[in-house]
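Asks: Below is the sequence, then the predicted model.
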Amino acid sequence: MFNFFKKKVSELSQQYVDKELAPLRADFDILDRRDKKVRVGNAVVVFSEHGISLELDNKEQLFFPLREILSFRIFDGSIRFDLLNQQAIDIRHLGNLRQDFLNKFAHEWNEVLLEEMYARQILHKTDLDAIFSLEQGEHRNKGRFFEQTLCQVRLYENCLVIMPQAERFLIFPYNTMIGISESEGKLVINLGLGDKLSIGRVDDDFKEKFLDILNNEIVKTQNDLAKMLPGLEDITIRKLAILMKGGKAAKKRDVDAASLKIWPMLEDKLKELGIGEQYEHLKKRAQDERIAIGLKMGTYSNPDKQYAWFLAPIYSLTPKDPGNTIALQTTSAKDKTETTYFFRIMDKHEYVDHFKRLEKIAHETDELIYKINRYMLAANFRKDLFYISDEDLDMPQYTRFKFIIKRMPELQELRFLYAGRILHTSREEWQLAVSDILEQNVAIIKEGEWDSSTDRM
């Protein structure tokens, strides 16, 4: 391990970015959705920037485009590629070039989704060779852990992207970064909730560009807030900009710590932008100090448009009270009906088990607010991927969505917690539908009696 890291990072990086892979002979299995082998054989494996080809001895060629590969898993003797059509390919016995093949595949596979997600964003700096570590806070649900891992780093307009060797990339929106320091030659980024990202072997040019982006984000947020909340003193605007960078939803308790004058102004802005009625109704049910409001100025098509959204966490010490939910409401285009989205804070059985431990529910709530913030900022406030059903994702017109969803574990988790959405057709119908969802998120009933993903249209 020591000798590995003594190699120059740039040399290692070139192995999987620029190196052309020679065709490899290997065994393969094609499996159906039940993991039953439907075809086995031996073939020459050829990789290109478009996909994987299996060239059989009888001159037949099987081609698997990168856009149709949802995920990959590494086993002792094989690599499994899961496909959009719910089949899978196992490629075995790749020999000494197996790691080179995997590295090259992961890099090109990541490129496809990055292009899909960030084609319209400015790429400030690309493919810096580095080493990174990612730590999660002790109370967090453990996800992927990395320690001193070779990677490439990119600076997009709204986020930092880490591309680990032979792994799916990681997205870190600038707006969710709380603080940055240097330690032992590494940049240490505080991501909140005890999460820390460390990036080593970065040059001065990268540091300067990275810090410029973060400073410009703060300045832009200050200017936007000054326009959207006229009358606030400059020093208050500066404090608020740190909490609400780039549209991030800030909790009431944090906003109040900056100034008690701000929160009433944020509530007035929700009314001005057309979602005050929903806010007032949900506010009566919510944990007041954990309500979060976000403001954003400008979209790609309309730089002067004002955008607002809020998160209302609803729970109590009494397990039978309606709740166990975070409501998400955003402003919409003038020609679209307002929609409220709901997410379960935790499993209903777990919620009942922990209702006497308010701090447990509070921790779960804070973590879910953190995740929703991260997703909304990383995906530029895109909400349709929450509620497209798994059945619809199998339809040809939704292939692109399925590709994105299956490649983003964070989005998969929010889809799992998604409890429904309600269109705001009339006040009475909307309020009744809200009550129904809140009751269903705490009710312990027999499996199959309630579909937690039912939408109220």
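Replies: Thanks, I have the structure now.
Asks: going forward, measure contacts and count neighbours with C-alpha atoms only.
Replies: Noted.
Asks: low-scoring stretches of the stretch 301-450 of the chain, by residue?
Replies: Where the stretch 301-450 of the chain drops to pLDDT under 70, the residues are 301, 319-320, 333-336, 352-356, 443-450.
Asks: which stretches of it form strands?
Replies: With DSSP state E, counting those that start in this stretch as the criterion, the stretch 301-450 of the chain has strands at 306-314, 325-330, 339-344, 418-423.
Asks: Who are the packing partners of the third one?
Replies: Pointing back at strand 339-344 there. strand 325-330, helix 409-417, strand 418-423 (3 or more CA pairs under 8 Å, 6 or more residues apart in numbering; DSSP states H and E).
Asks: Need the strands of the stretch 301-450 of the chain in JSON lines (columns: mean neighbour count and distance to Pro173).
Replies: Below are the strands of the stretch 301-450 of the chain laid out as JSON lines (neighbours: other CA atoms under 10 Å; distance: least, CA to CA, whole Å):
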{"stretch": "strand 306-314", "mean neighbour count": "24", "distance to Pro173": "18"}
{"stretch": "strand 325-330", "mean neighbour count": "24", "distance to Pro173": "19"}
{"stretch": "strand 339-344", "mean neighbour count": "24", "distance to Pro173": "22"}
{"stretch": "strand 418-423", "mean neighbour count": "22", "distance to Pro173": "22"}
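Asks: now those in TSV, with distance to Val112?
Replies: Output for these, formatted as TSV (distance: least, CA to CA, whole Å):
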stretch	distance to Val112
strand 306-314	30
strand 325-330	30
strand 339-344	29
strand 418-423	27
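Asks: Figure out which of those strands is closest to Ser48.
Replies: Counting by CA to CA, Ser48 lies closest to strand 418-423 out of the strands of the stretch 301-450 of the chain; the figure is 37.5 Å.
Asks: how big is the angle separating the closest one from helix 409-417?
Replies: Orientation check (axes from the mean of the first three to the mean of the last three CA atoms, to 10 degrees): strand 418-423 against helix 409-417 gives 70 degrees.
Asks: tell me what strand 418-423 is packed against?
Replies: strand 339-344, helix 384-387, helix 427-440.
Asks: any idea which of the ones you listed is most buried?
Replies: Across those, averaging neighbours per residue (mean count of other CA atoms under 10 Å) puts strand 339-344 on top, at a mean of 24.
Asks: before we move on, back to that, for Asp205, which of the helices and strands packed on strand 418-423 is the nearest?
Replies: Evaluated over the helices and strands packed on strand 418-423, closeness to Asp205 peaks at helix 384-387, with 36.6 Å, by CA to CA.
Asks: From the chain's centre, how far out is the closest one? Work that out for me.
Replies: 13 Å (CA atoms, centre = their mean, to the nearest Å).
Asks: what do you get for stretch 282-296?
Replies: Worked out by CA atoms, centre = their mean, stretch 282-296 lies 22 Å from the chain centre.
Asks: How about residues contacting it?
Replies: For stretch 282-296, the external contacting residues (CA atoms under 8 Å, 6 or more residues apart in numbering) are 221, 224-225, 244, 246-253, 266, 306-315, 327, 366.
Asks: Averaged pLDDT, it. What do you get?
Replies: On average, the pLDDT along stretch 282-296 is 95.
Asks: What residues of that stretch count as buried?
Replies: Using 16 or more other CA atoms under 10 Å as the test for burial, stretch 282-296 gives 282-283, 285-286, 288, 290-296.
Asks: Repeat that for stretch 71-86.
Replies: 71-72, 78-84.
Asks: could I get it in PDB with only the CA atoms?
Replies: Only the C-alpha atoms of stretch 71-86 are listed here, as PDB (Å, rounded to 0.1, in the frame of the first residue of the first chain):
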ATOM      1  CA  SER A  71     -24.500  -0.100 -12.000                       C
ATOM      2  CA  PHE A  72     -21.600  -2.400 -11.600                       C
ATOM      3  CA  ARG A  73     -20.400  -4.700  -8.800                       C
ATOM      4  CA  ILE A  74     -17.000  -6.300  -8.200                       C
ATOM      5  CA  PHE A  75     -16.700  -9.900  -7.000                       C
ATOM      6  CA  ASP A  76     -13.700 -12.000  -6.400                       C
ATOM      7  CA  GLY A  77     -13.500 -13.400  -9.900                       C
ATOM      8  CA  SER A  78     -15.800 -11.300 -11.900                       C
ATOM      9  CA  ILE A  79     -17.400  -7.900 -12.600                       C
ATOM     10  CA  ARG A  80     -21.200  -7.700 -12.900                       C
ATOM     11  CA  PHE A  81     -22.900  -5.000 -15.000                       C
ATOM     12  CA  ASP A  82     -26.600  -4.400 -14.300                       C
ATOM     13  CA  LEU A  83     -28.500  -3.300 -17.300                       C
ATOM     14  CA  LEU A  84     -31.600  -1.200 -18.000                       C
ATOM     15  CA  ASN A  85     -33.500  -4.200 -19.300                       C
ATOM     16  CA  GLN A  86     -33.100  -5.800 -15.900                       C
END
